[in-house]
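Student: The amino acid sequence is not available; the structure is as follows:
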C-alpha cells in the first residue's frame, strides 16, 4: 500500500509539474507574440530616434555609404507639402538598397518591386520625437507570397536594424 500511495503522489507531482511547465510556456509564447505585434503593427515597424531629424538623416546616409549600400533618393515630404500649401510635420523618405539582395525578392515575385528598394521614413510626431519607420520584411514576404527567400528576408531585416541602430543612441 505505501508504494501505491508513493506512486500516486509521484503521478500527481509529475502532473502538477507538467501543468506548471505548460502555463509558463504559454506565458512566454504570449509575451513573444505581444512583443512582435508591438514592434510590427500591420506590417509597419517603428523605431524611436535619440537624435534630431537632420542628425538622423545624416547618420543613416553615412551608415549606408559605409556599408556600401546604394542610396537612391531622399524625398522631403514636408517640403513638397509646403509647396502645395499644406502644413506637414517633418517627414523625409529615404530610398536605398543592395541590388544583389533586393532583386532576389523581385525574381521570386515581380510584384515585390512595389516594396523594393527599401523605403525608410523618418518622421517627427507632435511631441517632437523622431521615428524611423519601414515595412516589415516578413510582412512583405507574406504580401507577395514569397516563401523561398527566408534567408534573404532575414538579412534585409538585420541590415535595416543595423542602419536604424545608428540613430537610437546619442
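Tutor: Perfect, thanks for sending it. Since the structure is predicted, the reported quantities are computational estimates derived from the model, not experimental observations.
Student: Count the residues that sit near the nearest residue to residue 45 once chain neighbours are set aside.
Tutor: Nearest residue to residue 45, sequence neighbours excluded (Cβ to Cβ, 6 or more residues apart in numbering): residue 136, at 5.0 Å. From N, CA and C alone the C-beta is placed, and that goes for glycine too. Burial measure for residue 136: 20 neighbouring residues, criterion other Cβ atoms under 10 Å.
Student: what's the spacing between residue 136 and residue 169?
Tutor: According to Cβ to Cβ, to the nearest Å, residue 136 and residue 169 sit 23 Å apart.
Student: How is this protein partitioned into domains?
Tutor: The chain resolves into domains spanning 1-41, 42-167 when parsed by automatic domain parsing.
Student: Among these, show the one with the smallest mean pLDDT.
Tutor: Looking at the domains of the chain, the lowest mean pLDDT belongs to domain 1-41 (a mean of 48).
Student: what about the helices in the protein?
Tutor: For the chain, helices defined by DSSP state H occupy the ranges 2-39, 53-67, 77-83, 99-108, 137-143, 150-164.
Student: Any buried residues in the fourth one, and which?
Tutor: Within helix 99-108, the residues that qualify as buried by neighbour count (16 or more other Cβ atoms under 10 Å) are 101, 102, 104, 105, 106, 108.
Student: can you redo the residues you listed as JSON lines with distance to residue 72?
Tutor: Listed next are the buried residues of helix 99-108 as JSON lines, based on distance: Cβ to Cβ, whole Å:
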{"residue": "101", "distance to residue 72": "14"}
{"residue": "102", "distance to residue 72": "11"}
{"residue": "104", "distance to residue 72": "18"}
{"residue": "105", "distance to residue 72": "16"}
{"residue": "106", "distance to residue 72": "15"}
{"residue": "108", "distance to residue 72": "21"}
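Student: Spit out the contact partners of the nearest residue to residue 98 once chain neighbours are set aside.
Tutor: What sits nearest to residue 98 in space, not counting adjacent residues and going by Cβ to Cβ, 6+ apart, is residue 69, at 5.3 Å. Residues near residue 69 by Cβ atoms under 8 Å, 6 or more residues apart in numbering: 96, 97, 98, 159, 163.
Student: Please consider this matter closed, and thank you.
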